[in-house]
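[1] Fold the following.
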Amino acid sequence: MKKPLISVILPIYNVENYIEECLESLVNQTIGHEKLEVLMVNDCSTDNTAKIIDEYAARFPHFKAIHLPENTGAPGKPRNVGIEQATGKYLIFLDPDDYIPLDAYESLYQVAHENNSDFVMGKMISFDEEDGREYEHVTFKNYLLQKQYYNVTIKDAPFFLQVKTAVYLKLVKTSFIKNHGISFIEGMKNGEDKYYDMQLFTKAKKFSYIPKVIYMYRARNDEKNLSLTQRDIVSTVENDVKAAKLVKPLLNDESYAYFQINALRSLLWKICDPDFNRLEWETRLYLIHLVTDVVKDYDKRLVEKYLALEEPFLSLINKGYVQEALEYNKMLASRRWWYKQGRELQIEYRKHSKIRKSFSWKITKFLRNRNIRLKQLIKRRYINEGKRSHTFAGK
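    Numbers count the residues shown, from 1 in each chain. Next up, the predicted model:
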């Protein structure tokens, strides 16, 4: 077999309900699945996942099932195993409960090949697995992310450091990864991707970006397999803080100020949430004190630009007014809840408005009116008969 163009690394654990959709999106890539090396690293799944990936490995010689001897409980080790075994010119990561658009890897490869970039980045869309609603992360809505960038550096475009961390959005030269010894922290269930991402940005001589959706992220709702952002609040906050501390020495002051927005956004998503306010008071105090190191000396100009609503909360933490910050946080959490309710009402309103404006609704109007008149007629007759019965009973 010829050397593959792209090694796709999947850290896999208990995804029997999703893995086939994910792998089929690889099989159907317009770049040609035969140009891919798919490394399926199974972290000791206890469901039917292992059987499914073995079947794909039997069907496609360039799909390789790698079964780890013991469960590591985090994506870092499986991803590192994938890096070690990757033979493609480029490598990229893919989570097994998500999928990619048909032309995703062709689009990334074309830019990487034409510009000889160390890595190329695209953007993502999240979707709700229950109702199919799609939404774009706030960082990709920024006007700066609406155009392409070819062969830039962090010095040219430091704002990329505040963009949502997502290792599966970046097609990277395998030689670049291995020459710089870039890897994931093992044992961390979240936050490990921030350290990997910052190594890419700080060590790349040139990278590119295209404002094209190359990834579909599934917001999962099953309780047994919670996504990273849905895990235990305490451990996720602890990991985010740990990751931020590991990243800080890699960056100069200007770059860290932008990354700090990235780190704070992740922390605020967990802290400014009704579930956080249901924790014991001592636990909330512990977590607020923990994040102080990340909040400390934030760039007020950048925070007001990217996190304007949360800036007063961060200011209180930075000044040591922890109890006041916790009280303010209740308002932020309530605002988020009401915002979510408002969004759901808007969606329902648009759905019903669309129905009422449809051709079928218009042509069936007379039937609905007729039905209403019929109901009114029956109701009047029922009332009249009731009155007559009452009259007869009184005689």
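[2] can you tell me how far Ile154 sits from Glu254?
    9 Å (CB to CB, to the nearest Å). C-beta: built from backbone N, CA, C; applies to glycine.
[3] same question, Tyr18
    Counting by CB to CB, the gap from Tyr18 to Glu254 is 40 Å.
[4] Can you pick out the residue with more neighbours from the two?
    A side-by-side neighbour count of Tyr18 and Glu254, using other CB atoms under 10 Å, places Tyr18 first with 20 against 13.
[5] which residues sit in contact with the more buried one?
    96-98, 218 (CB atoms under 8 Å, 6 or more residues apart in numbering).
[6] Now do the phi/psi pair for it.
    When read as degrees, to the nearest 10, the backbone of Tyr18 gives phi -130, psi -20.
[7] Numbering from 415 from now on, please.
    Sounds good: first residue 415 from here, last item Tyr432.
[8] Distance of it relative to Asn529?
    Counting by CB to CB, the gap from Tyr432 to Asn529 is 33 Å.
[9] With Asn691 instead?
    Relative to Asn529, and taking CB to CB, Asn691 is found at 47 Å.
[10] could you pull out the strands for the stretch 415-564 of the chain?
    Secondary structure of the stretch 415-564 of the chain (DSSP state E, counting those that start in this stretch): strands located at 420-426, 450-456, 477-481, 504-507, 533-542, 548-549, 563-566.
[11] The last one: which residues count as buried?
    Translated: strand 563-566. The neighbour-count check on strand 563-566 (16 or more other CB atoms under 10 Å) flags Tyr563 as buried.
[12] Restrict the helix or strand just after that strand to CA atoms and write it as CSV.
    Counting by DSSP states H and E, the element after strand 563-566 in chain order, helix or strand, is strand 584-587. Provided in CSV are the C-alpha atoms of strand 584-587 (Å, rounded to 0.1, in the frame of the first residue of the first chain):
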residue,chain,number,x,y,z
LYS,A,584,-6.4,20.8,12.6
LEU,A,585,-4.7,18.8,9.9
VAL,A,586,-1.0,18.7,11.0
LYS,A,587,2.2,17.6,9.3
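[13] Parallel or antiparallel, which strands does strand 584-587 pair with?
    strand 504-507 (antiparallel), strand 533-542 (antiparallel) (DSSP bridges).
[14] same question for that strand, mean pLDDT?
    Mean pLDDT, strand 584-587: 98.
[15] same question, stretch 701-716
    Averaging pLDDT along stretch 701-716 gives 94.
[16] Mind listing residues that contact that stretch?
    So stretch 701-716 is in contact with 576, 647-648, 651-652, 654-655, 658-659, 671-672, 674-675, 677-678, 681, 685, 690, 693, 725, 728, 731-732, 736, 739-740, going by CB under 8 Å, 6+ apart.
[17] Repeat that for stretch 490-499.
    421, 423-426, 453, 455-457, 478, 480, 482, 486, 505, 507, 581, 591-592, 596-602, 606.
[18] Which positions in that stretch come out as buried?
    So for stretch 490-499, counting by 16+ other CB under 10 Å, buried means 490-497.
[19] next one: stretch 554-569
    Within stretch 554-569, the residues that count as buried by 16+ other CB under 10 Å are 554, 559, 563, 568.
[20] Can you tell me how far the third one is from Asn431?
    Distance, Tyr563 to Asn431, using CB to CB: 37 Å.
[21] Same check on the first one?
    If you measure Phe554 against Asn431 using CB to CB, the figure is 27 Å.
[22] Stretch 506-526: how far from the chain's middle?
    Chain-centre distance of stretch 506-526: 15 Å, with CA atoms, centre = their mean, to the nearest Å.
[23] Of the contacts of Tyr432, which is the nearest to Ser540?
    Ser540 lies nearest to Arg632 out of these, by CB to CB, at 7.7 Å.
[24] OK, contacts around the closest one?
    With CB under 8 Å, 6+ apart, Arg632 has these contacts: 432, 511-513, 540-541, 543, 641.
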